[in-house]
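Engineer: I'd like to go over a predicted model; first the sequence, then the structure.
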Amino acid sequence: MAEKKDDKSTWAIGGGLLLGLGVGFFFLKASPLAFVGSMIAGLGLGLILTSIISSKGKQ
């Protein structure tokens, strides 16, 4: 059987993307590019958090 992986640091990527999506809906009427930019910023935040969480878990 496959070994169960307890590392949930990759959930930060999805969480950051959803956070960016939620923030983007406030900017959608003002500018569609701000909507896309907030989603990309949320994705970047999630990637940064993932790298921090996984580096802390290996120590």
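Structural biologist: Here it is on my side, so go on. Numbering: from 1, shown residues only.
Engineer: report the buried residues of the longest helix seen in the chain.
Structural biologist: Secondary structure of the chain per DSSP state H: the longest helix is helix 32-57. By 16 or more other Cβ atoms under 10 Å, the buried positions in helix 32-57 come out as 35, 38-39, 41-43, 45-46, 49-50. C-betas here are computed from N, CA, C, even on glycine.
Engineer: for it, what is the average pLDDT?
Structural biologist: For helix 32-57, mean pLDDT rounds to 90.
Engineer: tell me which other helices or strands it touches.
Structural biologist: helix 11-27 (3 or more Cβ pairs under 8 Å, 6 or more residues apart in numbering; DSSP states H and E).
Engineer: would you mind giving the buried residues of helix 32-57 as CSV with distance to residue 58 added?
Structural biologist: Shown next, in CSV, are these (distance: Cβ to Cβ, whole Å):
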residue, distance to residue 58
35, 36
38, 31
39, 29
41, 27
42, 25
43, 23
45, 21
46, 19
49, 15
50, 13
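Engineer: quick check: the gap between the residue lying closest to residue 46 once chain neighbours are set aside and residue 29.
Structural biologist: In this structure, residue 46 finds its nearest non-sequential neighbour in residue 16, 2.5 Å apart by Cβ to Cβ, 6 or more residues apart in numbering. When distance is defined by Cβ to Cβ, to the nearest Å, residue 16 is 23 Å away from residue 29.
Engineer: which of the two has more neighbours?
Structural biologist: Between residue 16 and residue 29, residue 16 has the larger neighbour count (other Cβ atoms under 10 Å), namely 21 against 9.
Engineer: what residues are up against the more buried one?
Structural biologist: 42-47, 49 (Cβ atoms under 8 Å, 6 or more residues apart in numbering).
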